[in-house]
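J.: Return a 3D structure for these sequence lines:
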Amino acid sequence: SSPASPGFHGAGRGMHSEHETAQMVSQFMSVTNASRMVAKEALERHNWDLHTAVMQYLASESSSQPPPSAKPGWTERKSRVDSIVSITKVSERVAEEYLEKANWNVEAALDKVLEDNPAGSAPPKSTPSKPSAAPKASAQSSSSSDSEE
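T.: This is a model prediction of the structure:
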């Protein structure tokens, strides 16, 4: 939100409105904690492909910071969930489950979501683990002798 408008350099820039590029820069920053300048450079380098830019950036930064141990505050959790949702298109609930398993480490959660859902596959459906209403095993054991000929 600086008064100076960004320069129109970079081959892929013409395909996105200024609002879209600003949104991508913000998403990149929220996932990676990078500065606005670093985010913009990384996105330009990857032709404004947010997913590729984030993954390449995180891969190059992966060994430099330990995962946070404390559960972040609500606003920060919401921000991290939104980042995962915007990049991977999974539901907020699924994103939060991955983040909790990854100790709220966005990079680790993203890796796991993408590992579980290779490019082109549908996002995971949350399957509730409810036991089936009718116990099938006991019904089969009593009728198995009847079916013999």
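J.: Tell me who's in contact with Arg36.
T.: Val25, Met29 (C-beta atoms under 8 Å, 6 or more residues apart in numbering). C-beta: built from backbone N, CA, C; applies to glycine.
J.: Buried residues of stretch 37-53, list them for me.
T.: Neighbour-count burial for stretch 37-53 flags Ala39, Lys40, Ala42, Leu43, Glu44, His46, Trp48, Leu50, Ala53 (criterion: 16 or more other C-beta atoms under 10 Å).
J.: And stretch 52-59, by the same measure?
T.: Buried residues in stretch 52-59 (16+ other C-beta under 10 Å): Ala53, Val54, Met55, Tyr57, Leu58.
J.: got the residues you listed as a markdown table, with pLDDT and distance to Ala102 columns?
T.: Shown next, in a markdown table, are these (pLDDT from 0 to 100; distance: C-beta to C-beta, whole Å):
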| residue | pLDDT | distance to Ala102 |
| --- | --- | --- |
| Ala53 | 92 | 20 |
| Val54 | 91 | 15 |
| Met55 | 89 | 15 |
| Tyr57 | 88 | 17 |
| Leu58 | 86 | 12 |
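J.: so where do the helices sit in the chain?
T.: 18-32, 36-45, 50-61, 74-88, 92-101, 106-116, 136-143 (DSSP state H).
J.: any idea of the mean pLDDT in the second one?
T.: Helix 36-45 shows a mean pLDDT of 91.
J.: just the angle between it and helix 50-61, please?
T.: Here the directions of helix 36-45 and helix 50-61 differ by 120 degrees (axes from the mean of the first three to the mean of the last three C-alpha atoms, to 10 degrees).
J.: So what angle separates the directions of helix 36-45 and helix 18-32?
T.: For helix 36-45 against helix 18-32, the angle by the same axes, to 10 degrees is 110 degrees.
J.: Any regions of this protein where pLDDT drops low?
T.: 1-15, 62-70, 119-149 (pLDDT under 70).
J.: Thanks a lot, catch you later.
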